[in-house]
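Trainee: following is a predicted model, sequence given first.
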Amino acid sequence: MTITEENYLKAICKLSEAEPAAGVSTNRIAGALATRPASVTDMLRRLSDKGLLDYEKYRGVQLTDEGRRLALLTIRRHRLWEVFLVQQLGFNWDEVHEVAEELEHVQSPLLMRRLDAFLGHPALDPHGDPIPAEDGAMRRPAHRLLADLDAGERGTLTAVKNTSGPFLQYLDKVGLQLGALVEVLDKVAFDHSLELRVNRERTALVSAEVSRNLFVTA
């Protein structure tokens with residue numbers, strides 16, 4: 001497997017999780033990987049020839065069982081490295097993605113087993129995303145979007161949908177780290193922004209866009 005092939009499988013896996021009932025379109029893959037649709041088509045044919053996905057022009061793409069297994073292994077390596085970078089090397093959660101993108105392609109099952117054990121077999125990465133087991137099993141947390149809470153409801157921040165550096169830096173600035181207890185004081189009818197009480201202490205006003213990118217559990 002080349003690095004590019006692994007990146008394609010990982011991207012298709014993540015896109016298919018967002019819409020599990022439908023095939024993933026060439027344009028969506030091109031957007032996720034910042035490349036041209038023509039280049040995507042060539043790679044999809046190659047991966048199809050290897051038996052890693054089912055591809056039919058104009059009908060979307062679906063991973064085969066083997067393609068999904070390989071995609072989940074790449075995601076597993078990525079998220080374990082993110083945990084290591086934060087817990088052991090002092091990286092902030094907005095600094096780990098690009099580094100983990102490089103480390104995820106290290107092909108050593110023994111290394112990953114020992115890294116997993118060293119970290120205490122973590123279930124979640126620093127952004128709250130579940131870490132697949134070596135056999136592909138993955139526990140999906142029962143959380144909901146902060147945007148779906150009404151005034152008077154509360155929850156604990158458990159994951160972020162947007163893992164870009166600027167968004168995570170914004171969350172640090174307003175004190176919305178994972179584990180924070182948030183209570184919706186008001187939901188503004190005009191733009192659906194939320195007034196929050198954070199950790200029973202300070203208040204914060206967040207936009208609807210921000211609230212649609214945060215997950216909470218009751």
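Mentor: Perfect, thanks for sending it.

Trainee: max-length helix in this protein?
Mentor: In the chain, assigned by DSSP state H, the helix with the most residues is helix 65-89.

Trainee: mind listing the helices in this structure by residue range?
Mentor: 3-18, 26-33, 37-49, 65-89, 97-103, 109-118, 165-174, 208-211.

Trainee: with Ala11 as the reference, measure out to the residue most central in space within the chain.
Mentor: Centroid-nearest residue in the chain: Asp129, 5.5 Å away (criterion: CA atoms, centre = their mean). Computed as CB to CB, to the nearest Å, the Asp129 to Ala11 distance reads 15 Å. (Each C-beta comes from the backbone N, C-alpha and C, glycine too.)

Trainee: ok, Lys161 next?
Mentor: For Lys161 relative to Ala11 (CB to CB), the value is 16 Å.

Trainee: of those two, which one has the most company?
Mentor: Between Lys161 and Ala11, Ala11 has the larger neighbour count (other CB atoms under 10 Å), namely 20 against 14.

Trainee: what residues are up against the more buried one?
Mentor: Ile29, Ala32, Leu33 (CB atoms under 8 Å, 6 or more residues apart in numbering).

Trainee: of these - the most surrounded one?
Mentor: Highest neighbour count within the contacts of Ala11, by other CB under 10 Å: Ile29, with 22 neighbours.

Trainee: wait, it sits on Tyr8?
Mentor: Yes: Ile29 lies in contact with Tyr8 (CB atoms under 8 Å); the separation is 7.2 Å.
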